[in-house]
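A.B. asks: here is my input; please provide its structure:
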Amino acid sequence: MEISRTLIVKYKPNSEFCKLLADFRDMVNFAIREALRMGKYSIRKLHEVCYPHFKQKYNYSTYYYSRAYRIASQIIRSYRRRDKEPRVKKLFVRLHKAQFKLEAGKLKVSIRPREFINLEFELGKYQRKVIGKILAGELKVGEITVNENHVYIPFIEEVDVTEGSGKIALDLNENEVVGVTDKGEVKRWSCSYIGKTREKYEAIRAKIQQNVANHTRKFKRLMAKYGRIERNKVRDFIHKLTRRIVNETVGLDLILEDLKGLRNSTNKRIKMFNVFSGKVQLCSINSAGFKGRWNSFPFRRIQFYLEYKKHLQGFHVHYVDRMNTSRVCSRCGGIIRSSDRACPRCGIDRDVNACINLLIKSGLTSPTLPPRNDLMNQTLTNQKMWTSLGRRTWEVEKGGVNIHPL
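C.D. replies: Numbering: from 1, shown residues only. Here you go, the predicted model:
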């Protein structure tokens, strides 16, 4: 399996390369304006208009000209706001494989035929290790992107992925990640730090909005500063959390929920009678606070980090349908409402139940239930119950659950 990653390396900028960055940004913006003027975004049309202009105005390798209008075409096609013309503000340049040569401590960039600029790297231990593998031919390198301070080197790593000795299903929540293995072991990892960090910086931004005039330079600088700090803290915590989860589940394949459509279900609106206006209007089924927390929580980022780190270990990651995994009890078939932390009939914990249902949906015919103190929130008397869910039935006993396929 091929895994794509990006190495970020800091370099020492120089004036000549900064001029190239500014000129490349101007090329992209010119190509965007011409494409919008013509109403045509194809590479061929942009080449006919932009290439002669770039050739006359700038003195660079022709690779930069083609890169500029290709990027402009991509920007226009992906731009969503139609009320405002897209424009590139930050300095950057994207280099084709023929425009650079990666060496041990520097990047050799061709700006004109037989003229080069050397960008000296500031390397750490990890960067030296990856660049050493690239120079040894163990990793494939794609097109490099360079901005004012950093070089972004995408590379592809070949990994042998094999079947694990078991499976573990993970259920993501706002406060914790719950996992249940096919042998009945329950694991919990707290992620409440993400919500607390969001609340902390939301309060800081609210205070800035109260005390600083909107749309001023100071307002924008402060909002950008604290937004950047929040993003960095959350991203760092997610890396540490997923690394811990992967290290504690070595040898096991991951079962994750397919979260496609999660935002749509969170923001769903239905027609209801508004007692204040006396009209039938579209109203949200969830509160504003819940939608704010749920829409800002990085579910997909956590899954993405788990997926590529698990693949680097050499094990599989499977996605299964999340429908009714938390709602339908895997033990008695009862319904667990969203306000309940456990099944009202048999007492199984809501998150543990979701993980068991994920294991069953992944094709596991006979998962072992966790011990009783991990499984339930309340004590049950000895009893036997038969129930069915889908195409399986199972017998619930004091010692565990035996699942019998129909």
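
A.B. asks: so what does the lengthiest helix in the chain touch, helix or strand wise?
C.D. replies: Counting by DSSP state H, the longest helix found in the chain is helix 217-248. With contacts defined as 3 or more C-beta pairs under 8 Å, 6 or more residues apart in numbering; DSSP states H and E, helix 217-248 has these neighbours: strand 176-181, strand 186-190, helix 192-211, helix 299-313. C-beta: built from backbone N, CA, C; applies to glycine.

A.B. asks: 10 Å instead?
C.D. replies: strand 166-172, strand 176-181, strand 186-190, helix 192-211, strand 252-258, helix 299-313 (3 or more C-beta pairs under 10 Å, 6 or more residues apart in numbering; DSSP states H and E).

A.B. asks: tell me the mean pLDDT for the last one?
C.D. replies: Predicted confidence along helix 299-313 averages 93 (mean pLDDT).

A.B. asks: C-terminal to it, what's the next element?
C.D. replies: Next helix or strand after helix 299-313 toward the C-terminus (DSSP states H and E): strand 317-321.

A.B. asks: now do the buried residues in that next one.
C.D. replies: For strand 317-321, the buried set under the neighbour-count rule, 16 or more other C-beta atoms under 10 Å, comprises 317, 319-320.

A.B. asks: with stretch 115-129 instead?
C.D. replies: 117, 119, 121, 123, 127.

A.B. asks: domains of this structure?
C.D. replies: What automatic domain parsing lists as the domains of the chain is 2-158, 166-321.

A.B. asks: now for these, which one comes closest to residue 331?
C.D. replies: Residue 331 lies closest to domain 166-321 among these, at 12.7 Å (C-beta to C-beta).

A.B. asks: now the closest one, how far from the chain's geometric center?
C.D. replies: Here the centre of domain 166-321 is set off from its chain's centre by 10 Å, with C-alpha atoms, centre = their mean, to the nearest Å.

A.B. asks: distance to residue 362 for the domains of the chain - can I get that in JSON lines?
C.D. replies: Shown next, in JSON lines, are the domains of the chain (distance: least, C-beta to C-beta, whole Å):
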{"stretch": "domain 2-158", "distance to residue 362": "22"}
{"stretch": "domain 166-321", "distance to residue 362": "5"}
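
A.B. asks: now do residue 249 against residue 315, distance only.
C.D. replies: In this view, residue 249 and residue 315 are 9 Å apart by C-beta to C-beta, to the nearest Å.

A.B. asks: what about the residue nearest to residue 98 when sequence neighbours are not counted, how many neighbours?
C.D. replies: Closest residue to residue 98 apart from its sequence neighbours, by C-beta to C-beta, 6 or more residues apart in numbering: residue 63 at 6.4 Å. By other C-beta atoms under 10 Å, the residues close to residue 63 number 16.
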